[in-house]
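A.B. asks: Test case, fold it:
(one chain, ligands or ions: 2)
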Amino acid sequence: MKELVIATKNKGKAKEFKSFFAEYGINAISLLELNEEIDDIEETGSTFEENAALKAEQISRLLQKPVLADDSGLVIDALDGRPGIYSARYAGEPKNDQANIEKVLHELKDTTERSARFVCILAVAVPGEDTLFKKGYCEGKIATAQAGENGFGYDPVFIPDGYTQTMAELSAEEKNKISHRRNAIKALEDWVKHEQ
Ligand SMILES: O=c1[nH]c(=O)c2ncn([C@@H]3O[C@H](COP(=O)(O)OP(=O)(O)OP(=O)(O)O)[C@@H](O)[C@H]3O)c2[nH]1
Ligand SMILES: [Mg+2]
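C.D. replies: Numbering: from 1, shown residues only. Ligands and ions are numbered 1, 2, ... in the order given. This next block holds a predicted model:
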């Protein structure tokens, strides 16, 4: 396998997958780079797994090749697990990272209970085969104010356990060592090596 299509239109994810798969000599191609225009896939599932499968299976069926999808999000304990599967559009349509951050900070303004985790579920769909799932987590807490410019999404308000800076203050290299996405990729390593 020299190339692997990643069923995402998220630039931040696409960049991270490029870096991960380059380690295996594989070119990770996002939907933003394909020549054909791919319609947005409706994420109608009620779990990360269902949404990851929807994305991977629909694009794999369309392209007739193996496709990886990532459904991920931020799970905050004091908010009973929200934003969870609704992370991308927590503050409503259209998707807006800054509005999402402000909503979370507002909802947590009166509490010191700030534990949270990023969750990443990967689904690999191969034509004619059962879909494979792998998961990864990154534990941490929600900061009281945003800081940092790197990464995407909620990175400016997420402080990984063992760190004093937010994920957005870490370099891409540092984030990619400890992130939920890295941990999910590690769990997928056997499949990646077997496919090569
Ligand atoms: O600070 C963050 N650092 C991360 O590493 C991260 N990973 C996920 N998220 C949040 O969770 C949503 C995923 O939703 P999601 O899986 O549906 O993806 P998406 O809609 O952005 O793109 P696509 O892959 O579906 O095309 C994203 O938009 C972000 O808000 C992250 N936030
Ligand atoms: Mg999405």
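A.B. asks: Wait, a strand at residue 74?
C.D. replies: Yes. Residue 74 forms part of a strand when assessed by DSSP: H, G, I helix; E, B strand; the rest coil.
A.B. asks: Which residues of the protein lie near ligand 1?
C.D. replies: Within the chain, the positions adjacent to ligand 1 are 8-10, 13, 43, 70-74, 87-88, 100, 118, 151-155, 158, 179, 181 by C-beta under 6 Å from any ligand atom. Using the backbone N, CA and C atoms, a C-beta is placed for each residue, glycine as well.
A.B. asks: Of those residues, which belong to helices?
C.D. replies: Of the residues of the chain next to ligand 1, the ones assigned to helices by DSSP state H are 13, 100, 181.
A.B. asks: can you list those residues in TSV and add pLDDT and neighbour count?
C.D. replies: Formatted as TSV, these follow (pLDDT from 0 to 100; neighbours: other C-beta atoms under 10 Å):
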residue	pLDDT	neighbour count
13	98	20
100	98	22
181	98	22
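A.B. asks: Minimum distance to ligand 1, which residue of this structure gives it?
C.D. replies: Per C-beta to the nearest ligand atom, residue 153 is where the chain lies closest to ligand 1, at 2.4 Å.
A.B. asks: Verify the stated contact: that residue with residue 96.
C.D. replies: No. Residue 153 lies out of contact with residue 96 (C-beta atoms under 8 Å); the separation is 10.7 Å.
A.B. asks: Between these two, tell me which one has more neighbours.
C.D. replies: Neighbour totals were compared for residue 153 and residue 96, and residue 153 leads with 22 against 15 (other C-beta atoms under 10 Å).
A.B. asks: so what's residue 195 scoring on pLDDT?
C.D. replies: At residue 195, the predicted lDDT confidence score is 84.
A.B. asks: so residue 145 sits in a strand?
C.D. replies: No. Counting by three-state DSSP, one finds residue 145 to be coil, located in no strand.
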